[in-house]
Each structure stands twice: as C-alpha cells, then as structure tokens.
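K.L.:
Build me a structure from this.
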Amino acid sequence: MPKSALIFLLLCSFLPVMAVAGPVLPSAEKQLVKSLQAINNNHLDVALNEVDSLLRVTPNFKLAQLVKGDLLMAHAGVIDNFGSAANAPHDEINDLRDEARVRLQRVLSQSDTGLRPRFLWQMDAQQKYALVVDTSRSTLFVYENVDGEPRYVTDFYVTIGKLGADKSYSGDQRTPIGVYFIKAELPKKRLADIYGDAAYPLSYPNEWDHRNKRTGSGIWLHGTPSGTYSRPPRASNGCVVLANADLEKLAPYVQVGITPVIITNQMDWSSEQDQIDRASLLQQVEQWRKDWASLDTDAYLKHYAPDFSSSDMDYPAWAKQKHLVNSTKSWVRVGITDVSMFVYPEQPHMVVVDFEQDYSSNNLSNRMKKRQYWIKLDNGWKIIYEGAA
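P.N.:
Alright, predicted model coming up:
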C-alpha cells in the first residue's frame, strides 16, 4: 500500500469514500479537504500543491502544517502513521488527528443541510438569522429567517469545552446545552488575546439553567489567539470558539439581543409531529391570551403547570397574585405579536416561546418582551416558567 494511502486510512478508516458536495465550505477547510482527497487518490503532488497554497494564506493552520509535513516524509518513505515525526508532542498530535476527523466528518455530512432543524419552530420578524451549534460535529450552523421558517445559509467548524457539553457548574470546562441569545458584541480592543478578534457573550445561565441550579458564566462565541488559526474540537473552558476569519464571516448574521443560539448535543431534524405540536402550541398560547383578557382567572390559571415558577414565585403565590390583581380590573386587553418558538435541546417536549406583549386595563398599561417555557404534558401544553425576556 502506498504510504500516503496508509496515512489517510489510519486517519479516517471509519469514514466512507469522501466526496465534497453540497454547500461551499469555508475556503481554508475546502482546500484542506482537497488535499486529503488527493492523498486518498494517491496524487501526492496535487495534495502538496493544495496544502502549500493553503499555507501561503493561513500559515498558522497547524493541521495543514502537519499534513504538509507528512506528505514530505511520505515522499521520503519515512512515515508509517499520521503525524509520526520523531519527537512529535503526543497530546498535540492527538488533538490535530481529532480536528482532521471532525473536519472530514463535516464534509461528509453536508447532504443534510437542506433539512430543517427541529429546534427552530418559529422565528419572529426581527430575528433575521438563528445559530445552531451541534457539539457532536463541532459545527455551528447559520439559518436565515424566511417568513418565519429557517433556511440553511452556511456552517463553520467550532471548538467546544475540553470536557464536552452539558455544563452544570462553574469551572467544569463544559459547554452548556440550551436556548440562548447574543447579549453583546465585544471588539478586539476590549479583549485579552486568547479571545481573538471579537467575542459575543451568550445568555448563560438562562431561566432553565437557574431552575436546575446550574452555575457559572462567561460563555461566549469568540475567536482564536493571534498566531493560531484554529483550536482542537475540545479545547475551550466552555466557550464556542471559531477561527478569526470565520468569526468575521459570522458577524453579519449576528444581532445583539435578538439572535438565538441553540446549543445541542446532536442535531435533530423536524418531523411531521413537530408541525402538529407547533400548531397545537400556537393555539394554546392564543387561548392563554384570550383567557387572560376575559378576566376568567380560573381558566387563565389552568394554563400553568403545578410546578410553575417565575423569578420569585411558585404556582400558589402566582395564583394568589393573579386573583388579587384581576379583582381590581373592570376590563383587560392583551395583544401578542412577534412570536418565536424554540424547542429546548435534550428536552423534546419543552419549548421557549418569546413574544411582544401589549397589555392595557382600566388602571394599567404596559408593553414588554415576554418569555414563557411551555411543556407538553398528558393533559396538554402547560407553562412552567414566565417572565420578562
């Protein structure tokens, strides 16, 4: 067997024969994959030309440097494994092998980009884009809002926490799973070098995290340090990290305070049942609005689960307050617009619902952005959390 083919098979023997198809990959990754394809086809000169061209533009791409080194050693017939140079640091080589596998898997899974992720049930008119991070594939997907429906735009390789996903406490070096939003944009001049060219703090911990007593903070989307093109798939302290060049490409899709970022252990695709459940939940949200406006407090409270909580009240306290407040009303009007609905990862029957609420009554009027968590129980959809968004 030619040495180059041996390198490739050792790297990805669990993968089928590669074929780059579907959406265009980020240019650096595309060139790397072309080089690996050429290795697979035993075209060493083509592979070397591709990786040389890549390194002229991104000389700090360590994985590409490793591939070039292996190609040169293969020409000399002195290699028997991927990254087998004498005295190569074992941990760093393993990290680069992991990155190579992940990048190849990303290419091979491009065929599902035409599918709709089940997490994005409905986007409101302000949300021009939504981001979905699949931690199992080290990939951040960008979806455009087309009349409330998500349409795939592009995707990027990302790094997640050293110990994977499912963050539960401060310092656990894990990336959280959940529905979050972009809170701010921090420019390079305000950042330490480790965060790269920009950073976008996320709204971790969210309401569900607080309810489950998850701790920690400072979960960001951010770039890579100067002199580093990309980091291994698992290398951050919990943040989602992109190459600086990719972060720059991502910037036009980000709206502070508006863009949702869904982080999941594994991408899941929409089914016919999702469409049925979405329609039934929309009906329940509308019925909740009508029951509130009717001043039928008992009917209104039936929309809340027994284990409901807001920021400072459980269900009994909430029910008591609503009876008291409604006793002072002679009339109420409630309007709802700009509804968004996001299925919570790892909680298949829970949906985060945001909307603009316009409330008026005989003695009070206000307008606010509201957030509810609805859960599907045996007796239908119920609210388990409600508060300002």
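
K.L.:
so where do the helices sit in the stretch 201-350 of the chain?
P.N.:
207-211, 244-250, 272-293, 297-301, 315-326 (DSSP state H, counting those that start in this stretch).

K.L.:
Output the contacting helices and strands for the second one.
P.N.:
If I follow you right, that is helix 244-250. In terms of contact count using 3 or more CB pairs under 8 Å, 6 or more residues apart in numbering; DSSP states H and E, helix 244-250 is assigned the packing partners strand 149-157, strand 220-222. In short, each C-beta sits where N, CA and C put it, glycine included.

K.L.:
Also the longest one?
P.N.:
In terms of contacts (3+ CB pairs under 8 Å, 6+ apart), helix 272-293 is packed against strand 120-122, helix 297-301, strand 332-343, strand 350-361, strand 365-377, strand 380-388.

K.L.:
Now the fourth one: buried residues?
P.N.:
Going by neighbour count (16 or more other CB atoms under 10 Å), the buried part of strand 350-361 is 350, 351, 352, 353, 354, 355, 356, 357, 359, 361.

K.L.:
My read is that the last one contacts residue 334, right?
P.N.:
Going back to what we said before, that points to residue 361. No - shown here, residue 361 and residue 334 do not form a contact pair, counting by CB atoms under 8 Å, at 9.2 Å.

K.L.:
Could you pull up phi and psi at the residue nearest the centre of the chain?
P.N.:
Taking CA atoms, centre = their mean, the centroid of the chain lies closest to residue 133, which sits 2.5 Å from it. With angles defined as degrees, to the nearest 10, residue 133 sits at phi -100, psi 120.

K.L.:
Contacts only, for the nearest residue to it once chain neighbours are set aside.
P.N.:
Beyond its immediate neighbours in the sequence, the residue positioned closest to residue 133 (CB to CB, 6 or more residues apart in numbering) is residue 263, lying 4.5 Å away. Counting by CB atoms under 8 Å, 6 or more residues apart in numbering, residue 263 makes contact with 132, 133, 135, 165, 175, 176, 177, 178, 180, 240, 345.

K.L.:
among those residues, which are in strands?
P.N.:
Counting by DSSP state E, the contacts of residue 263 place 132, 133, 178, 180, 240 in strands.

K.L.:
Tell me the buried residues in stretch 321-336?
P.N.:
By neighbour count, with 16+ other CB under 10 Å as the criterion, the buried positions of stretch 321-336 are 322, 332, 334, 336.

K.L.:
Can you get me the start-to-end distance on it?
P.N.:
Between the start and the finish of stretch 321-336 there is a gap of 22 Å, counting by CA to CA, to the nearest Å.

K.L.:
Report the distance from it to the chain centre.
P.N.:
What separates the centre of stretch 321-336 from the centre of its chain is 38 Å, taken as CA atoms, centre = their mean, to the nearest Å.

K.L.:
State the distance from the nearest residue to residue 223 once chain neighbours are set aside to residue 241.
P.N.:
Nearest residue to residue 223 in three dimensions, chain neighbours excluded: residue 196, at 2.1 Å (CB to CB, 6+ apart). When CB to CB, to the nearest Å is applied, the distance between residue 196 and residue 241 equals 8 Å.
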